[in-house]
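**Q** Provide a 3D model corresponding to the input given below.
(one chain, ligands or ions: 2)
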Amino acid sequence: MTTRINPSILAADFANFERELGRIATADLVHVDIMDNHFVPNLTFGLPMVERLQQVSPIPLDVHLMIDDPDRWAPGYAEAGAASVTFHAEAVADPVGLARRLREIGARAGIALKPGTAAEPYLELLPEFDQVLVMTVEPGFGGQSFMPETMPKLRRVADAVRAAGLDVWLQVDGGVTVDTIGIAAEAGADTFVAGSAVFRGVPEEQIAALRAAASSHGHAHR
Ligand SMILES: O=C(CO)[C@@H](O)[C@H](O)COP(=O)(O)O
Ligand SMILES: [Fe+2]
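**A** Ligands and ions are numbered 1, 2, ... in the order given. I've put the predicted structure just below:
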């Protein structure tokens, strides 16, 4: 199984993003949380910041849009060169249409599900996506506790991906630490977002520890 560790720069030093990106060069992608203070009650940054991060980052960008009206904004992030652009299922009327636009531009298309959002309506759409993000906290803030009650949903998505023979990455985001990452790996996740857990310590060491903890619990079938 491939394990991807995507540190979230939400937990980095906002005054030193270029330096912080250098500290996570051993990670797979850098997770960039875009919040608009409408879809979630918090505000981060937008497209101009991502365009600049794209220019200086040693690793590809994994953009997580926690915004209303992703139809309007998501393609711009793909055009900026983000490797993946993930929008929330709860915020979009035509997820397939938006995913196709993102793929046409050349980005991986992702769909995110809040903890209370069922996966079932989206399972038949899986071929349209490159990744599914199962939120393991309520979106909006870093530093929250992992919600194990989201694992049955992750397992159902993993089963559907496997049954359809698809190469769809399964991502978890929120409260991922060396103590919780194994639970998500065992339930079928292969891509792990971690903010506080990476930046609270020495990022390179934390990334290695998370990778090792995930790999030792990984799903046997994947
Ligand atoms: O999308 C979000 C929060 O809404 C995340 O990407 C957080 O940035 C994860 O932070 P930690 O829970 O790992 O501290
Ligand atoms: Fe995120």
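**Q** ok, which stretches of this protein are helices?
**A** Using DSSP state H, the helices of the chain run over residues 17-23, 47-56, 70-79, 95-105, 120-123, 151-163, 181-186, 196-199, 203-215.
**Q** quick check: which of these is buried the most?
**A** Of the helices of the chain, the one with the most neighbours on average (mean count of other Cβ atoms under 10 Å) is helix 196-199, at a mean of 24. No exception for glycine: its C-beta is placed from N, CA and C like everyone else's.
**Q** that helix packs against which elements?
**A** Helices and strands touching helix 196-199, by 3 or more Cβ pairs under 8 Å, 6 or more residues apart in numbering; DSSP states H and E, are strand 4-7, helix 203-215.
**Q** could I get the helices of the chain as TSV with distance to ligand 1 and mean pLDDT?
**A** Below are the helices of the chain laid out as TSV (distance: least, Cβ to the nearest ligand atom, whole Å; pLDDT from 0 to 100):
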stretch	distance to ligand 1	mean pLDDT
helix 17-23	13	98
helix 47-56	14	98
helix 70-79	14	98
helix 95-105	18	98
helix 120-123	18	98
helix 151-163	16	98
helix 181-186	10	98
helix 196-199	3	98
helix 203-215	10	97
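**Q** distance to Ala109 added to the helices and strands packed on helix 196-199, as TSV?
**A** Formatted as TSV, those follow (distance: least, Cβ to Cβ, whole Å):
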stretch	distance to Ala109
strand 4-7	16
helix 203-215	24
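**Q** circling back to that earlier point, would CSV of the helices of the chain with distance to Val30 be doable?
**A** Shown next, in CSV, are the helices of the chain (distance: least, Cβ to Cβ, whole Å):
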stretch, distance to Val30
helix 17-23, 6
helix 47-56, 7
helix 70-79, 13
helix 95-105, 18
helix 120-123, 26
helix 151-163, 22
helix 181-186, 18
helix 196-199, 10
helix 203-215, 11
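**Q** quick one: closest of these to His64.
**A** Of all those, helix 70-79 sits nearest to His64, with 10.0 Å by Cβ to Cβ.
**Q** show me what that closest one is packed up against.
**A** Counting by 3+ Cβ pairs under 8 Å, 6+ apart, helix 70-79 packs on helix 47-56, strand 61-66, strand 84-88, helix 95-105.
**Q** follow-up on the earlier one: could you dump the helices and strands packed on helix 196-199 to TSV with distance to ligand 2?
**A** Putting those into TSV (distance: least, Cβ to the ion, whole Å) gives the following:
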stretch	distance to ligand 2
strand 4-7	9
helix 203-215	15
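**Q** any idea which of those gets closest to Tyr77?
**A** Nearest to Tyr77, of the helices and strands packed on helix 196-199 and by Cβ to Cβ, is strand 4-7 at 15.3 Å.
**Q** using CSV, list the CA coordinates for the closest one.
**A** What follows is strand 4-7, C-alpha atoms only, in CSV (Å, rounded to 0.1, in the frame of the first residue of the first chain):
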residue,chain,number,x,y,z
ARG,A,4,0.9,9.6,1.6
ILE,A,5,1.5,12.1,4.4
ASN,A,6,0.2,15.6,3.6
PRO,A,7,1.1,18.1,6.2
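**Q** which strands border it, and is each parallel or antiparallel?
**A** strand 191-194 (parallel) (DSSP bridges).
**Q** many thanks, I have nothing further to ask.
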